[in-house]
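**Student:** when you get a sec, could you give me coordinates for this:
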Amino acid sequence: MTQTTFSATATRVASEASDFARARRSMAGGVSSPVRAGTAVGGAPPVIARARGSRIFDAEDREYIDYLCAYGPVLLGHADERIAAAVDRACRQGAVLGGTHSEEIRLAERLGEAMPSMQRVRFVSTGTEACASAVRVARAFTGRPKIVRFAGNYHGHSDAMIFNAGAASNSRADARAGITQGVAGDVIALPYDDLQTLGAALSREGDRVAAVILEPVVGNMGLVLPSDGYLSGVRSLATRHGALLIFDEVITGFRLGLGGAQELFGVKPDVTCVGKVLGGGLPIAAFGGRADVMAVLAPDGHVFQGGTFSGNPVCVAAAHALLDAIESDPLFYNRLSAKGSRLARGARHALADAGLDFPVVQLGSIVDFMFRHGGAHRTFDEAKQADARSYARYYWAMLERGVFLPPSQMEVMFLTAAHSDEDIDRTVDAMRNALLALAEGADASRP
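**Tutor:** Residues are numbered from 1 along each chain as shown. From the prediction side, this is the model:
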């Protein structure tokens, strides 16, 4: 590394350390979400000042091609003018009303058209709320206490969902994580993509299981695609044992297509949770399902669920603008998937050039590879075998080359409609150089 490059890098690191130290003086842990602290990569990522299109800019106005994309919500690109204009108009007519409004009704109708499984919809603000509410509804509808979920799937930070989960949770089912034995006892956590184990658990506990909840495509322990017949097998087992099937499509909904993973794989759940992408960058989520199941919610039923900002006009306007943009472009998902294929193909070539056999997984606009030899990982245990130290070195090497990646190997790369072929080609070049440096044991942070 030249003296000039070393000095610039040292200045950047010092600046980022100063920003993070300032954040820690007023914010718990210096962050509003733990993964942002960069613990998995050994240091805090840059403090972000602004974003536009496929780019983010840090507090020192350094520019990066963004593949974090706020962990998935950014689909059209940062600061999309259509979203911004819709939000501006909505703000000027009242940001929150405290009552049902016409655009909220219209959005519920559009969700039902996109995902017919959502016969009745309830809006919330986050994916965590959607999943927690869906489970409460399932328990009320079935009269059963337990839920089945799968290790490495992430359904938000509610008590029943946070332990043995994917993403960067690292939480255990004990008092140190704020989880009571009572909560833990009502959760059966199983390996993903294993119908035999699921069948055995339901045979043993089926009359006490209210719901089986899963990410149909897992995006929180790296990218894991379901094997052929797995989702239909889960559907059959849940039905046989009288449990509801809940699809957490918070990541996949509207990113893989308007109909989400359930349309892609042809499997219809009883309840669906969506969020992230729906708001075009603003916080809105929803859960919905069969009319008879959703009827347990107050005011028709006895299950209370509510929120002051649920279905607020600003976020609803952003959702309409997003859906308008997608629906007005018949080739939208074809082009987005082509970008994903281009990045995945380039990543495979870059890995091969570095003599590495890490498998690249891609579905639509989601791309992932982990620092792990052999075939693509299938379980959370396999995901945890990946070389975290090498990923950390790779993360900082890519940052030096102007590419912003997730600060955890459990997360995935997302693309947006704003990413250009030039962005992707520059990223692949950065990958090749960083991986070659890592493979040779050189200073991978050198641009």
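
**Student:** ranges for the strands of the stretch 251-400 of the chain?
**Tutor:** Applying DSSP state E, counting those that start in this stretch to the stretch 251-400 of the chain gives strands spanning 271-274, 285-289, 360-363, 366-369.

**Student:** would CSV of those strands with distance to Asp58 be doable?
**Tutor:** C-beta: built from backbone N, CA, C; applies to glycine. Below are the strands of the stretch 251-400 of the chain laid out as CSV (distance: least, Cβ to Cβ, whole Å):
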stretch, distance to Asp58
strand 271-274, 31
strand 285-289, 29
strand 360-363, 28
strand 366-369, 23
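
**Student:** of all these, which one is nearest Glu113?
**Tutor:** Nearest to Glu113, of all the strands of the stretch 251-400 of the chain, is strand 285-289, at 12.0 Å by Cβ to Cβ.

**Student:** so what's the most centrally placed residue in the chain closest to, chain neighbours aside?
**Tutor:** Central residue of the chain (Cα atoms, centre = their mean): Ile251, 4.3 Å from the mean position. Closest residue to Ile251 apart from its sequence neighbours, by Cβ to Cβ, 6 or more residues apart in numbering: Gly219 at 4.4 Å.

**Student:** okay but that neighbour is in contact with Pro406, surely?
**Tutor:** No. Counting by Cβ atoms under 8 Å, Gly219 sits too far from Pro406 to count as a contact (10.5 Å).

**Student:** overlap in contacts, these two.
**Tutor:** Val412 (Cβ atoms under 8 Å, 6 or more residues apart in numbering).

**Student:** the two: which is more packed in?
**Tutor:** Ranked by neighbour count (other Cβ atoms under 10 Å), Gly219 and Pro406 place Gly219 first, with 27 against 23.

**Student:** buried residues, stretch 327-347. List them.
**Tutor:** Neighbour counts over stretch 327-347 (16 or more other Cβ atoms under 10 Å) mark 332-333, 336-337, 339-340, 342-344, 346-347 as buried.

**Student:** hang on, I meant stretch 137-155
**Tutor:** Applying a neighbour-count criterion of 16+ other Cβ under 10 Å, one finds 137-142, 144, 146-155 buried in stretch 137-155.

**Student:** closest to Ala21 out of the strands of the stretch 251-400 of the chain?
**Tutor:** Among the strands of the stretch 251-400 of the chain, strand 366-369 comes nearest to Ala21, with 32.1 Å by Cβ to Cβ.

**Student:** restricted to strands, list the buried residues of stretch 137-155.
**Tutor:** Judged by DSSP state E, the subset of the buried residues of stretch 137-155 located in strands is 146-150.

**Student:** tell me how many other residues crowd Gly185.
**Tutor:** Gly185 has 11 nearby residues by other Cβ under 10 Å.

**Student:** and the strands in the stretch 51-200 of the chain?
**Tutor:** Using DSSP E, counting those that start in this stretch, the strands of the stretch 51-200 of the chain run over residues 55-58, 63-66, 120-124, 146-150, 187-190.

**Student:** how far does the first one sit from the chain's center?
**Tutor:** Centre-to-centre, strand 55-58 and its host chain are 20 Å apart (Cα atoms, centre = their mean, to the nearest Å).

**Student:** could we number from 483 for the rest of this?
**Tutor:** Will do, 483 is the new start, and the previous item becomes strand 537-540.

**Student:** closest to Gln787 out of the buried residues of stretch 809-829?
**Tutor:** Within the buried residues of stretch 809-829, the smallest distance to Gln787 is 31.8 Å, found for Tyr815 (Cβ to Cβ).

**Student:** which strands or helices does the host helix or strand of Ala916 pack on?
**Tutor:** For Ala916, the host element (DSSP states H and E) is helix 903-921. With contacts defined as 3 or more Cβ pairs under 8 Å, 6 or more residues apart in numbering; DSSP states H and E, the packing partners of helix 903-921 are strand 545-548, helix 814-835, helix 870-882, strand 885-886.

**Student:** quick revisit: my guess is the residue nearest to the centre of the chain contacts Glu697. True?
**Tutor:** Yes. Here Ile733 reaches Glu697: they are 6.9 Å apart, a contact under Cβ under 8 Å.

**Student:** assign Leu727 to helix, strand or coil.
**Tutor:** In three-state terms, and counting by DSSP: H, G, I helix; E, B strand; the rest coil, Leu727 is strand.

**Student:** the helices in this protein, which residues?
**Tutor:** Per DSSP state H, the chain carries helices over the ranges 485-508, 563-573, 584-596, 609-624, 663-667, 677-687, 712-722, 742-747, 773-776, 795-809, 814-835, 862-865, 870-882, 903-921.

**Student:** and those helices, which is most packed in?
**Tutor:** With neighbours taken as mean count of other Cβ atoms under 10 Å, the helices of the chain reach their highest mean count in helix 609-624, at a mean of 24.

**Student:** ok, and what's touching that helix?
**Tutor:** With contacts defined as Cβ under 8 Å, 6+ apart, helix 609-624 is touched by 604, 606, 627, 629, 637-640, 642-643, 692-693, 695, 724-726, 728, 730, 732, 752-753, 755-758, 767-769, 771, 774-776, 778-779, 783-785, 787, 789.

**Student:** thanks again, I'm all set now.
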